[in-house]
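Engineer: structure, please.
(one chain, ligands or ions: 1)
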Amino acid sequence: MKTLSTSLFTSFLVFNICRNFSFTNATHGVRAASCCQTNCCHGPHGNFSFPQRTKIGICNFVFSKKHEVSAHDLPLCSGPRTLSLTSVHQMMLLPCNWGTAYISVEATISRNAVQGLRSITQTVGCFVSLYIISPKLTGLTVVVLPCLVGAGALIGSFLRRLSRLAQEQVAKSTGVADEALGNVRTVKAFAMEERELQLYAYEVEKSCEMNENLGTGIAVFQGLSNIALNCIVLGTIFAGGTLISSNEMSPGDLMSFLVASQTVQRSLASISILFGQMVRGTSAGARVFEYLSLKPTIPLSGGGRIPYHSLAGRVDFLNISFSYPTRPGHIILDRFNLTLPPSKTIAIVGESGGGKSTVAALLERFYDPTSGVVMLDGLDIRTLDLCWLRGQVIGFINQEPVLFGASIMENIRFGKPEATDAEVFEAAKQANAHRFITSFPDGYNTVLGERGVTLSGGQKQRVAIARALIKNPSILVLDEATSALDAESERVVQEALDLATRGRTVLIIAHRLSTIQAADLICVMSNGRIIEAGTHTELLGRGGLYCDLIRRQRAEGRK
Ligand SMILES: Nc1ncnc2c1ncn2[C@@H]1O[C@H](COP(=O)(O)OP(=O)(O)OP(=O)(O)O)[C@@H](O)[C@H]1O
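Structural biologist: Presented below is the predicted three-dimensional model:
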């Protein structure tokens, strides 16, 4: 009896010291994370209050039953909400607030860690008791346990792989839905609604199947753990009986041993349940952290800036060779050389796929060349601050401008967030957009549909020009800026562009040769190199590829 009470007291002491220790640490962990990552506040018992209009980057949490919140409400929640996080099952990142995602994962891991630590300390405490009661019987248990733990680890790694595949499948099905909804007009135009629905259903079914397999795997794992633990109990009774018969143990000690080993069993069972949750949670979290830890190959900030008053806007492409990272063997630019003198308009023309847009992409530093260097006013652009380069130096207008589902005012201000209303109006006037904007009942406050669908192609393009002009860029890149427009819209947009290009270095990439005849220099590209260069009149006189292109376009125009 004395042995039993001593052992129970010891295990109680060990358990409580460890439990308090783990709680203190976990709570601090959550608090520290919530304070440093976002402005959400931390309530009691692991609840998090999100202030108004906070975007939440994760859905599909398992919430405690008291505070059930639909996952779909989360990204849109408009009032303060209190969420009680218990564990993460599946997470889907929405393109919004990475910081919140981090906190939530952190909170979940901490809560699981608390439960796990409690079970572990309980197990350790009980093992101390077991040892005090019967070292021999405990030794036997200790020999068997590592084999079980090893088998558990093997099954665990298999389950983690299953969980990862299930997560990837969920991402795939979400991607199918996202593409179909994002391109809903094309889907409708080809009457492909049914097919897209089937494709989505197929992908969702696959992800359900994989999740079911994972669930079954976890259930089997938990069942096997229970069987193994029961076998240990039976083995203990058998070995205990043998020890009693040889007078090495009293029946009371065996009872005490069984009671303590039952506690170990319960703790191990709860560890195995937690393990199941952790398998799902950590592999979902791994996907989040995988994205969080991605380092951009081209850093966004850092590097030099050229003061505005001394920025001339001269660009040199020197001996550039380039292949896209996804197709390393396919050479797009081959020792390409070109100079854009300050305040001059240079046009690049040539056959489709010749690498014209790639030249613009290298100037914007969407990619760095494989070899060679792009210079701005004699400085390698890799040494310049990318945010400054894209945000203040280069204005980019392409064939299909992307506008946002916000007001026209906000869309134009996207080019310079601190711009005043007067600056927005001025940019719109320069872009030939002011008149049509003010003809709308809500004027500049007119809210555009998603991706600007409520404007015509020409109107969208003029808003995009205003958005590029508001930052008063020294360099303007026009990549097929008018090629998607009909003749009348093209005329209006071209007028806007003629106005916008004055006093700037301009790189025009064009298919319609009629739009670049006034350029200071026209370069004809073929196979990643410039094979002809000169003014319109000079090139016509040479009778080369440029003449061919003009002839072909005229013939097409006559058809
Ligand atoms: N992101 C990419 N990854 C891999 N290859 C690409 C990528 N973008 C373009 N390419 C390839 O690079 C080559 C040049 O493309 P680019 O868009 O620069 O040509 P282009 O002369 O502007 O054509 P177009 O006049 O038809 O717009 C093409 O063969 C194209 O398939």
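Engineer: residues from the chain in reach of the ligand?
Structural biologist: Tyr324, Thr326, Arg327, Ile332, Ser352, Gly353, Gly354, Gly355, Lys356, Ser357, Thr358 (Cβ under 6 Å from any ligand atom). In short, each C-beta sits where N, CA and C put it, glycine included.
Engineer: okay if I get those as JSON lines plus distance to Gly150, pLDDT and secondary structure?
Structural biologist: Shown next, in JSON lines, are the residues of the chain next to the ligand (distance: Cβ to Cβ, whole Å; pLDDT from 0 to 100; DSSP: H, G, I helix; E, B strand; the rest coil):
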{"residue": "Tyr324", "distance to Gly150": "47", "pLDDT": "92", "secondary structure": "coil"}
{"residue": "Thr326", "distance to Gly150": "42", "pLDDT": "88", "secondary structure": "coil"}
{"residue": "Arg327", "distance to Gly150": "45", "pLDDT": "88", "secondary structure": "coil"}
{"residue": "Ile332", "distance to Gly150": "53", "pLDDT": "92", "secondary structure": "coil"}
{"residue": "Ser352", "distance to Gly150": "61", "pLDDT": "83", "secondary structure": "coil"}
{"residue": "Gly353", "distance to Gly150": "57", "pLDDT": "85", "secondary structure": "coil"}
{"residue": "Gly354", "distance to Gly150": "61", "pLDDT": "85", "secondary structure": "coil"}
{"residue": "Gly355", "distance to Gly150": "57", "pLDDT": "88", "secondary structure": "coil"}
{"residue": "Lys356", "distance to Gly150": "61", "pLDDT": "90", "secondary structure": "helix"}
{"residue": "Ser357", "distance to Gly150": "56", "pLDDT": "90", "secondary structure": "helix"}
{"residue": "Thr358", "distance to Gly150": "54", "pLDDT": "92", "secondary structure": "helix"}
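Engineer: what sits against the nearest residue to Pro325 once chain neighbours are set aside?
Structural biologist: Computed as Cβ to Cβ, 6 or more residues apart in numbering, the closest residue to Pro325 that is not its neighbour in sequence is Tyr367, at 7.4 Å. The contact partners of Tyr367, taken as Cβ atoms under 8 Å, 6 or more residues apart in numbering, are Ile298, Phe322, Tyr324, Pro325, Thr358, Ala361.
Engineer: state the pair within those that is farthest apart.
Structural biologist: Based on Cβ to Cβ, the longest span within these runs between Ile298 and Thr358 and measures 15.5 Å.
Engineer: re the thing from before, now, of the residues of the chain next to the ligand, which are buried?
Structural biologist: Ile332, Gly354, Gly355, Lys356, Ser357, Thr358 (16 or more other Cβ atoms under 10 Å).
Engineer: pLDDT wise, what is the residue of the stretch 101-250 of the chain found nearest the ligand at?
Structural biologist: With Cβ to the nearest ligand atom, the shortest gap between the stretch 101-250 of the chain and the ligand falls at Glu179, namely 17.2 Å. pLDDT, Glu179: 81.
Engineer: tell me how many other residues crowd it.
Structural biologist: 15 (other Cβ atoms under 10 Å).
Engineer: with Arg435 instead?
Structural biologist: 11.
Engineer: so which of the buried ones among the residues of the chain next to the ligand comes closest to Cys547?
Structural biologist: Distances from Cys547 to these, taken as Cβ to Cβ, are shortest for Gly354 (16.7 Å).
Engineer: wait, that closest one sits on Ile530?
Structural biologist: No: contact between Gly354 and Ile530 fails when scored by Cβ atoms under 8 Å: they sit 10.0 Å apart.
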